[in-house]
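J.: Sharing a model prediction with you, sequence too.
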Amino acid sequence: MSTPAAVDEVVDLVSRLIRFDTSNTGELDTTRGEEECAKWVAQLLEEVGYTTVYVESGQPGRGNVFARLAGDPASTKGALLIHTHLDVVPAEPADWSVHPFSGAVKDGYIWGRGAVDMKDMVGMALALARQFQRDGTVPPRDLVFAFLADEEAGGKWGSQWLVANRPDLFDGITEAVGEVGGFSLTVDRPDGGQRRLYLVETAEKGLSWMRLTATATAGHGSFLHADNAVTEVAAAVARIGQHTFPMVISDSVAEFLAVVSAESGLNLSSDAPDLETSLFKLGNLARIIGATLRDTANPTMLSAGYKANVIPQTATAVVDCRILPGRQAAFEAEIDELLGPNVTREWITHLDSYETTFDGHLVDAMNDAILAHDPDGKTVPYMLSGGTDAKAFAKLGIRCFGFAPLQLPPDLDFAALFHGVDERVPVDAVLFGTKVFEHFLLHS
């Protein structure tokens with residue numbers, strides 16, 4: 001029996017996508033590669049018969065590609081959006097064992113920046129879109145494939161711009177699937193066996209980057225100074241960085257903890273006295289799950305002064321804040337208490353949290369697709385501690401999930417691969433994911 005065309009070409013597509021250096025620095029003048037990559041994707045879609053839409057989202061070179069595959073005309077379902085992003089975070093070649101933009105395929109892995117975030121899913125979506133069009137496949141609903149810019153900098157020049165300026169591109173779409181979901185977590189069962197849980201993202205923390213500013217009197221470094229901007233902002237940063245926000249268990253997290261408790265025999269209930277410690281028995285993914293129990297505020301940047309003997313008038317800091325659903329007002333109140341009277345704050349970027357329920361036909365289709373290729377698997381909802389383009393699409397009333405299926409080796413530190421050195425994805429995981437995603441799209 002021949003393998004589907006998508007399975008035959010997906011590894012090569014992922015490798016070729018990685019070879020496009022689409023590094024997003026967060027600055028317009030140094031971000032590159034999205035246009036070239038987007039036009040290559042459009043070319044591959046057009047050569048099998050798609051009519052594509054290429055859009056630059058507010059700035060030259062911020063390329064986005066859309067293609068729609070018509071579904072069953074008798075269907076009453078809205079269209080399904082399959083959204084991916086083409087940009088990646090920068091990588092320093094000297095730190096890697098392979099060149100980060102080589103797309104090397106060796107030792108059972110596809111290597112390079114974007115291998116898991118998220119050119120693996122880009123490749124799967126592109127391979128399946130091509131297969132469906134070549135085969136004349138009519139899915140149960142319209143499928144809209146979107147390949148987007150600027151996700152790694154919050155989507156200002158990508159999804160956020162498109163939602164604000166080109167909502168027509170999303171006409172008729174009611175649901176969406178994107179990245180950082182559908183991957184497996186292997187847990188040890190009390191009977192000595194193991195169970196693979198496939199984590200479907202149903203929630204995301206809010207993403208807010210906050211700038212702190214202290215203003216004081218400038219002067220000579222040899223004098224006594226009661227008000228020093230550097231001291232003020234440093235003290236505020238220290239208080240924030242050492243602060244522990246209260247534990248708040250959302251519905252998505254509670255459901256995840258209940259399933260893992262039942263499968264593993266661990267006590268991961270919200271009232272367990274050692275919940276955060278017990279989480280680490282799940283392995284490396286505990287860093288992601290643990291970050292969804294509380295708000296976080298991590299100082300990431302400091303800036304002050306221009307000469308060793310001059311006390312500056314201003315000093316600034318940047319804090320990366322990730323806020324649980326429903327916690328925005330309480331979070332801001334806690335931050336204001338920590339700042340002190342001489343430090344002000346402003347949001348550089350502010351994207352809302354998001355949460356949906358783990359139910360309905362689309363969730364059933366995800367579970368059925370997993371079980372078709374891993375009969376012992378089980379889907380479970382979880383909250384992402386980071387953010388995706390789903391934050392933009394939720395503004396249009398689109399119900400969003402993270403589902404980019406991968407069956408991972410139990411000992412692989414998957415969380416460390418995101419934005420990490422030697423980022424890579426198992427070849428077998430991509431092949432598995434392509435088959436699962438095909439089943440999902442044909443039954444969605």
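T.: Perfect, I can see it now.
J.: Enumerate every residue touching residue 241.
T.: Residues in contact with residue 241 (CB atoms under 8 Å, 6 or more residues apart in numbering) are 297-299. Yep, even glycine has a C-beta here, placed from its N, CA and C like the rest.
J.: Go again with 6 Å.
T.: Residues in contact with residue 241 (CB atoms under 6 Å, 6 or more residues apart in numbering) are residue 299.
J.: Same question for residue 262.
T.: Contacts of residue 262 (CB under 6 Å, 6+ apart): none.
J.: And it, which helix or strand is it part of?
T.: Per DSSP states H and E, residue 262 falls inside helix 251-264.
J.: any weak-confidence spans in the stretch 1-150 of the chain?
T.: For the stretch 1-150 of the chain, applying pLDDT under 70 flags the ranges 1-3.
J.: That one: helices as residue ranges?
T.: 5-19, 34-46, 119-135 (DSSP state H, counting those that start in this stretch).
J.: closest one to residue 200 among those helices?
T.: Residue 200 lies closest, by CB to CB, to one member of the helices of the stretch 1-150 of the chain: helix 119-135, at 13.9 Å.
J.: quick one: contacts of the closest one?
T.: Helix 119-135 is touched from outside by 5-6, 9-10, 13-14, 17-18, 48-50, 69, 82, 84, 145, 179, 404, 425, 430, 433-434, 437-438, with contacts defined as CB under 6 Å, 6+ apart.
J.: Same question for stretch 345-359.
T.: Contact with stretch 345-359 is made by 154, 202-212, 252, 325, 381, 387, 391, 394, 399, as judged by CB under 6 Å, 6+ apart.
J.: one step back: buried subset of the contacts of helix 119-135?
T.: Buried subset of the contacts of helix 119-135 (neighbour count, 16 or more other CB atoms under 10 Å): 5-6, 9-10, 13-14, 17-18, 50, 69, 82, 84, 145, 179, 404, 425, 430, 433-434, 437-438.
J.: State the mean pLDDT of the host helix or strand of residue 176.
T.: Using DSSP H and E, the element containing residue 176 is strand 173-178. Averaging pLDDT along strand 173-178 yields 98.
J.: And it, what does it pack against?
T.: Packing partners of strand 173-178 (3 or more CB pairs under 6 Å, 6 or more residues apart in numbering; DSSP states H and E): strand 79-85, strand 399-402.
J.: Quickly compare those and say which is most buried.
T.: Mean neighbour count (mean count of other CB atoms under 10 Å) peaks for strand 79-85 among the helices and strands packed on strand 173-178, with a mean of 26.
J.: Sheet-wise, list the partners of it with their directions.
T.: Strand 79-85 has its sheet partners listed here by DSSP bridges as strand 143-148 (parallel), strand 173-178 (parallel).
J.: Among those strands, show me which one is buried the most.
T.: Comparing the strands paired with strand 79-85 by mean neighbour count (mean count of other CB under 10 Å), strand 143-148 ranks first with a mean of 26.
J.: what angle separates it from helix 34-46?
T.: Interaxial angle of strand 143-148 relative to helix 34-46 (axes from the mean of the first three to the mean of the last three CA atoms, to 10 degrees): 160 degrees.
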